[in-house]
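In: Please find the sequence and the predicted model below.
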Amino acid sequence: MSWECPGGASPAPSSALVQYTPRQLAGLPPAISAGRSSAPRQPKASRAPSGQVFATQVEEQPIPVPDDVVAGIILIRGTRARALFDIGASHSCIAASFAPAHNIEVMHNEDYWSVNIPEHSFRVYDECLDCPVQIGDWIMPIDLLVLKQMWGFDVILGINWLSKYYTVIDCESKVITFREPNQEELVYRLVKVGASRRPCLRRERGK
């Protein structure tokens, strides 16, 4: 995956654990470290091998959006959704208010993701698995963690999904190019959002 923006982050490594300094969205400080939960739970085999997830979310007060923020409208199960394309998120998320309102199945798990932000932490047990994301003629499945508090966007598309499709993001032109082996490129033009509200989260899967 490539992120073509002034002062952009380094290309993502291929491992499931991805760290970025979230400068791309409002110059916020890096994620705060958090220990792995000691709860006796075992992750499912279908999950990523890493127990750590670095994500971005939203906060209550709006802040100016830098030029390298990209967002647009996508289709999830045929429903229009406001999407933030974010290399500062290693995994992808969907708003809890959006999923059931549009008949997107939510699966409740016994194991969980522990989300830690300054002075607050919570657990995420719910996911939407194998959701079809449609951009143009391409349908690209995605797994989404369900977050109860998201403002401004319906979904956040993280690096695990973007890298799967060899994505190139040109922030200045607001263009995203998707690639797959032996297929033609898909070029998607985005829109700039007027405000973004998000702190940085670090997530670690509970055992």
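Out: Nice, I can see it.
In: Quick one: the strands in this protein, in order.
Out: Counting by DSSP state E, the chain has these strands, from start to end: 2-4, 52-56, 70-76, 79-85, 93-95, 107-117, 120-135, 138-147, 155-157, 168-170, 175-178, 186-189, 200-205.
In: can I get those strands in JSON lines with distance to A101?
Out: Just so you know, the C-beta spots here come from the backbone N, C-alpha and C atoms, and that holds for glycine as well. What follows is the strands of the chain, written out as JSON lines (distance: least, CB to CB, whole Å):
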{"stretch": "strand 2-4", "distance to A101": "32"}
{"stretch": "strand 52-56", "distance to A101": "22"}
{"stretch": "strand 70-76", "distance to A101": "12"}
{"stretch": "strand 79-85", "distance to A101": "9"}
{"stretch": "strand 93-95", "distance to A101": "9"}
{"stretch": "strand 107-117", "distance to A101": "17"}
{"stretch": "strand 120-135", "distance to A101": "12"}
{"stretch": "strand 138-147", "distance to A101": "12"}
{"stretch": "strand 155-157", "distance to A101": "13"}
{"stretch": "strand 168-170", "distance to A101": "29"}
{"stretch": "strand 175-178", "distance to A101": "26"}
{"stretch": "strand 186-189", "distance to A101": "25"}
{"stretch": "strand 200-205", "distance to A101": "23"}
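In: in this protein, what secondary structure element scores lowest on mean pLDDT?
Out: In the chain, no helix or strand scores lower on mean pLDDT, DSSP states H and E than strand 52-56, which sits at a mean of 36.
In: buried sites along the lengthiest helix in the chain?
Out: Longest helix of the chain, by residue count under DSSP state H: helix 159-164. Within helix 159-164, the residues scored as buried using 16 or more other CB atoms under 10 Å are I159, N160, W161, L162, S163.
In: And these, which is closest to S173?
Out: Comparing those against S173 with CB to CB places L162 closest, at 16.8 Å.
In: these two touch, right, that closest one and A89?
Out: No. Contact criterion CB atoms under 8 Å: L162 and A89 do not qualify, at 9.2 Å.
In: could I get the strands of the chain as CSV with mean neighbour count?
Out: CSV is the format used below for the strands of the chain (neighbours: other CB atoms under 10 Å):
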stretch, mean neighbour count
strand 2-4, 17
strand 52-56, 24
strand 70-76, 20
strand 79-85, 20
strand 93-95, 27
strand 107-117, 17
strand 120-135, 16
strand 138-147, 18
strand 155-157, 28
strand 168-170, 20
strand 175-178, 18
strand 186-189, 15
strand 200-205, 22
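In: and the ones you listed, which one is worst for confidence?
Out: Sorting these by mean pLDDT places strand 52-56 lowest, at a mean of 36.
In: Endpoints of stretch 151-162, how far apart?
Out: Stretch 151-162 has an end-to-end distance of 21 Å (criterion: CA to CA, to the nearest Å).
In: Ok, stretch 76-92 next?
Out: For stretch 76-92, the first-to-last residue distance is 13 Å (CA to CA).
In: try stretch 88-102
Out: Per CA to CA, stretch 88-102 runs 27 Å from first to last residue.
In: Could you double-check that Y188 lies in contact with I135?
Out: Yes. At 5.3 Å, Y188 counts as touching I135 under the criterion of CB under 8 Å.
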